[in-house]
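Enquirer: My questions concern the predicted model and sequence given below.
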Amino acid sequence: MSNKVKKVLELNDTVRENLKKLYMILAGLQIVKLILWFVDTFVRKIYVEQMDYTNEQTISFFESWKSSMGVNVLAIILSLISISLCVVPIYKNCLEKRLFSSFIKPMIIVSVLNTLLMIIMHLDTAITMKERFSRDYGDGLIEMYYGPNLFGFIEIVALIASLIIVFIISSRTKAIANWKKQNNM
């Protein structure tokens, strides 16, 4: 038997309003992430001084997965589902249901993993390009930048905020479920 103390949160109007705000913020963040899927969010820039050569690319998630259109379709569908899973509890006024947070959490985690995968893929490409140019033209003459632009920073903030909010919603709905168990509701 577990000696673990279960968190309990009484379901009242304040708790409902707080959950409603969290769901609205999460829905807004999911909409921002969906829009940013199509916007160039990362920059890869290489400059070779000897040749006065500059290669600059801006990259969106959509373009990154263009060769694998299934990933794009799946990401868009999951985004639309996660937005609806944030709106339905507000519309139906069933904010305390664990079902919604249980489905949203894995979607947000997959979204974070997808972003990390994209960053790693493009960073690997940038490093490979730098190594090739360094080998051909000398090590000290290559400048490289790879990272997010303004939209990329917004994307990263939206991802981190979504992850935090979904865990807050999940813990609160779990605490409400524990309260209902204690009060046999």
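Expert: That came through fine. Residues are numbered from 1 along each chain as shown.
Enquirer: All the helices of this protein, residue numbers only.
Expert: 13-36, 61-64, 69-92, 98-137, 150-182 (DSSP state H).
Enquirer: for these, which one sits closest to Met144?
Expert: Closest approach to Met144 among the helices of the chain is made by helix 98-137 (4.6 Å; CB to CB). C-beta: built from backbone N, CA, C; applies to glycine.
Enquirer: just how off-centre is that closest one within its chain?
Expert: Chain-centre distance of helix 98-137: 11 Å, with CA atoms, centre = their mean, to the nearest Å.
Enquirer: Which elements pack onto it?
Expert: Where contact means 3 or more CB pairs under 8 Å, 6 or more residues apart in numbering; DSSP states H and E, helix 98-137 is packed against helix 13-36, strand 42-48, strand 53-59, helix 61-64, helix 69-92, strand 142-148, helix 150-182.
Enquirer: just to revisit the earlier point, got TSV for the helices of the chain, with mean pLDDT too?
Expert: Formatted as TSV, the helices of the chain follow (pLDDT from 0 to 100):
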stretch	mean pLDDT
helix 13-36	91
helix 61-64	85
helix 69-92	88
helix 98-137	81
helix 150-182	89
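Enquirer: Count the residues that sit near the closest residue to Ser60 other than its chain neighbours.
Expert: Among residues not flanking Ser60 along the chain, Asp40 sits closest, at 4.9 Å (CB to CB, 6 or more residues apart in numbering). When neighbours are counted by other CB atoms under 10 Å, Asp40 registers 16.
Enquirer: returning to what we had before: which stretch among the helices of the chain comes nearest Met51?
Expert: Here helix 98-137 is closest among those (CB to CB), at 6.7 Å.
Enquirer: With distance to Asn55 and mean neighbour count as new columns, can the helices of the chain be given to me in CSV?
Expert: Below are the helices of the chain laid out as CSV (distance: least, CB to CB, whole Å; neighbours: other CB atoms under 10 Å):
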stretch, distance to Asn55, mean neighbour count
helix 13-36, 24, 17
helix 61-64, 16, 18
helix 69-92, 25, 16
helix 98-137, 7, 16
helix 150-182, 18, 17
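Enquirer: Name the residue closest to the centre of the protein, please.
Expert: Note on the chain: the residue nearest the mean C-alpha position is Leu159, at 3.2 Å, using CA atoms, centre = their mean.
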